[in-house]
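# build me a model from this:
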Amino acid sequence: MRTLNELSHLKETGYGQPYPRYGLSLLWWFAHECVEIDDDGNMISRYDLEDEDFAEEFHNYEELLPIYEPPTPYYELGNLHNPGIMPHHVTQNYDPDVLESNADRIIVSVASDCNDKFDRIYVTHHIGKGGFDENSTYRISQGLIEIIQRMERSEFIRAVKVKQRRNRRRHRR
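Residues are numbered from 1 along each chain as shown. The predicted structure follows:
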């Protein structure tokens, strides 16, 4: 699985795009409001991962993510059917009749030695009925989280948004 270390890597994936997808807003919110880097360089959760208003347990039935020994718990964020504490800028384009408006997720694994320390962070594309696109699943490095934390939301979105080509027809007279 590819690890994304730079904004350019994230941009190359097209994660969270195009509209009505919301993954870029979700990732920015997560980096700013949910993760704290402590003095030892650990990524600490600012929320209780077992609080269903924050995250849901992710069972990894499809083996989308690595399986570790001892088993590592995974938690999923971003399901807009249960928006919990997510802010309006993440949830604003949600339409229950449009599958892609609820397609982006962040999945975190918890360190075995501490239940509030993130071991790994992933972004993925939920394709419905419990399925995820393994070709659109990436690990997010701590360095990329730190880059995002130094950015304003609009600056971050401008930096990673892929410009969409419009189909323009030329009319000849």
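# now the strands for this structure?
3-4, 35-37, 43-45, 56-58, 74-77, 104-110, 117-128, 131-132, 138-140 (DSSP state E).
# what would the ones you listed look like in TSV with distance to Glu146, mean neighbour count and mean pLDDT?
(C-beta placed from N, C-alpha, C; glycine too.) Output for those, formatted as TSV (distance: least, CB to CB, whole Å; neighbours: other CB atoms under 10 Å; pLDDT from 0 to 100):
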stretch	distance to Glu146	mean neighbour count	mean pLDDT
strand 3-4	13	17	98
strand 35-37	6	16	97
strand 43-45	9	18	96
strand 56-58	24	17	94
strand 74-77	19	22	96
strand 104-110	16	22	96
strand 117-128	12	20	95
strand 131-132	26	16	93
strand 138-140	11	21	98
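# let's have these in CSV, adding distance to Ile85.
Compiled in CSV, the strands of the chain are given as follows (distance: least, CB to CB, whole Å):
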stretch, distance to Ile85
strand 3-4, 25
strand 35-37, 14
strand 43-45, 13
strand 56-58, 13
strand 74-77, 10
strand 104-110, 13
strand 117-128, 17
strand 131-132, 23
strand 138-140, 20
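# for Ala159, which of these is the nearest?
Closest of the strands of the chain to Ala159 is strand 3-4, at 13.2 Å (criterion: CB to CB).
# other residues contacting that closest one?
For strand 3-4, contacts defined as CB atoms under 8 Å, 6 or more residues apart in numbering pick out 10, 13, 123, 138-141, 144.
# can you get me a residue count around Trp29?
21 (other CB atoms under 10 Å).
# list the residues that contact it.
Counting by CB under 8 Å, 6+ apart, Trp29 has contacts 86-87, 89-90.
# I am finished for the moment; much appreciated.
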